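Engineer: Quick one, fold the following:
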Amino acid sequence: MLVLSVTLAIFLIVSGLLLYALIRYRHRPEDAEREPAQIYGSNQIELSWTVIPILIVVMLFLSTTRVILGTQAIPKPDNALNVTVIGHQFWWEYRYPDLGVVTANELHVPVSDPAHPQPTYLTMSSADVAHSFWVPRLAGKMDVIPNRINTMWIDPAEAGLYLGQCAQYCGTEHALMLLRVYAQSPADFAAWVKQQKEPARKEFGGDAAAVEGQTVFMHNACINCHAIAGTPATGRFGPDLTHLASRDTLASGAIQNTPANLKQWIDDPNSMKPGSLMPAMHLNERDLDAITAYLTQLR
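Structural biologist: This next block holds a predicted model:
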């Protein structure tokens, strides 16, 4: 409101002076008979339009600094949710250290009731290059830097999906390093946490393709990059796939999570997201169908 008031005052003054000049010095018939008076500068005017903007900028700087320091000084509540955010080329990893949950690309947080606030504190770092976490409707941008810990907090007051974007150029697929934050009621968030704590599904209800797909997955290079809880797959280079089928999107929000898209993604990620660091698996059609059937069972 302070910035709006200052800029409104500047707008009214400048517009008023411009309107005055347009009317006061408008063209008149007698103007063609003589040349108007020539004025070659004014020390008073030049001094005023230099000093006054400097004072305004200093005032806005000091007021902004006060707000930033005040925001950062707010003590962390005991009931705050802690989430570790790790930026990768080109996806997001989310770890809930107090809950024992690891997921990717879709951040779930509880709604923060203004009467009983429960903010979510994000502890952020990068595994490779500089990224930037930005969900416009929840908070400002925060850089995600290798070998440095940055923190910020969010407290959505309404349930819903909040979309964001990596705001720091980080490579070929920077534009498709998207953010999805799901703000849920406490009951829905508790249900999501309970589901995420479950190990990977081992019984597939007679789905022979899913059983075969689990075997194919465990005997290929997939386990070097991906983790699936309760299985020999413990890779950490790529996203955790324990509950992949419960996510709405693939490739950091770039495509919808459907069996057809998942199959194409496994076969050749660069056909859907050029520059992706996941290599094409070059599986035969049977193995590709089997792994797809297996991963679609991981809820």
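Engineer: Where does pLDDT dip in this structure?
Structural biologist: Counting by pLDDT under 70, the chain contains no low-confidence segment.
Engineer: quick one, helices of the chain?
Structural biologist: For the chain, applying DSSP state H gives helices covering 2-24, 43-72, 186-197, 208-218, 222-225, 259-267, 285-295.
Engineer: which parts of the shortest one are buried?
Structural biologist: Same thing as helix 222-225. Buried residues in helix 222-225, counted by 16 or more other CB atoms under 10 Å: 222, 223, 225. Where C-beta positions appear, they are placed from N, C-alpha and C, glycine not excepted.
Engineer: Next, the residue lying closest to residue 211 once chain neighbours are set aside: phi, psi?
Structural biologist: Excluding the flanking residues, the one nearest residue 211 by CB to CB, 6 or more residues apart in numbering is residue 204, at 5.6 Å. The phi/psi pair for residue 204 (degrees, to the nearest 10) reads phi -120, psi 20.
Engineer: Make a markdown table from the helices of the chain and add distance to residue 113 to it.
Structural biologist: Formatted as a markdown table, the helices of the chain follow (distance: least, CB to CB, whole Å):
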| stretch | distance to residue 113 |
| --- | --- |
| helix 2-24 | 29 |
| helix 43-72 | 20 |
| helix 186-197 | 8 |
| helix 208-218 | 41 |
| helix 222-225 | 40 |
| helix 259-267 | 37 |
| helix 285-295 | 36 |
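Engineer: which one of the ones you listed has the most crowded surroundings?
Structural biologist: Highest mean neighbour count of these: helix 285-295, a mean of 20 (counted as mean count of other CB atoms under 10 Å).
Engineer: coming back round to it: the residue nearest to residue 211 and residue 299 touch, don't they?
Structural biologist: No. Look at residue 204 against residue 299 with CB atoms under 8 Å: they stay out of range, at 11.4 Å.
Engineer: Give me the more crowded residue out of these two.
Structural biologist: The residue with more neighbours, out of residue 204 and residue 299, is residue 204; 16 against 13, by other CB atoms under 10 Å.
Engineer: Can you name the residues that contact that one?
Structural biologist: Counting by CB atoms under 8 Å, 6 or more residues apart in numbering, residue 204 touches 210, 211, 214, 294, 297.
Engineer: any chance of these in JSON lines, plus distance to residue 130?
Structural biologist: Formatted as JSON lines, those follow (distance: CB to CB, whole Å):
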{"residue": "210", "distance to residue 130": "40"}
{"residue": "211", "distance to residue 130": "43"}
{"residue": "214", "distance to residue 130": "37"}
{"residue": "294", "distance to residue 130": "36"}
{"residue": "297", "distance to residue 130": "37"}
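Engineer: which pair in the residues you listed spans the largest distance?
Structural biologist: 211 and 297 (9.6 Å; CB to CB).
Engineer: Which among the helices of the chain is found nearest to residue 94?
Structural biologist: helix 186-197 (10.2 Å).
Engineer: Output that closest one as CSV, restricted to C-alpha atoms.
Structural biologist: Output in CSV follows, covering the C-alpha atoms of helix 186-197 (Å, rounded to 0.1, in the frame of the first residue of the first chain):
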residue,chain,number,x,y,z
PRO,A,186,-5.7,-31.8,7.3
ALA,A,187,-7.7,-35.0,6.9
ASP,A,188,-6.8,-35.4,3.2
PHE,A,189,-3.2,-34.6,3.9
ALA,A,190,-3.1,-37.2,6.6
ALA,A,191,-4.6,-39.8,4.2
TRP,A,192,-2.0,-38.9,1.6
VAL,A,193,0.8,-39.3,4.1
LYS,A,194,-0.5,-42.7,5.2
GLN,A,195,-0.6,-43.8,1.6
GLN,A,196,2.9,-42.6,0.8
LYS,A,197,4.3,-44.4,3.8
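Engineer: what helices or strands is it leaning on?
Structural biologist: In terms of contacts (3 or more CB pairs under 8 Å, 6 or more residues apart in numbering; DSSP states H and E), helix 186-197 is packed against strand 101-104, strand 106-110.
Engineer: And the contacts of the longest one?
Structural biologist: Spelled out, it's strand 106-110. Strand 106-110 is contacted from outside by 81, 83, 85, 92, 94, 118, 120, 154, 156, 179-186, 189, 192-193, 247-249, 253, using CB under 8 Å, 6+ apart.
Engineer: quick one: strands adjacent to it?
Structural biologist: As defined by DSSP bridges, the strand partners of strand 106-110 come to strand 178-184 (parallel).
Engineer: Quick check: buried residues in the strand it pairs with?
Structural biologist: In strand 178-184, counting by 16+ other CB under 10 Å, buried: 178, 179, 180, 181, 182, 183, 184.
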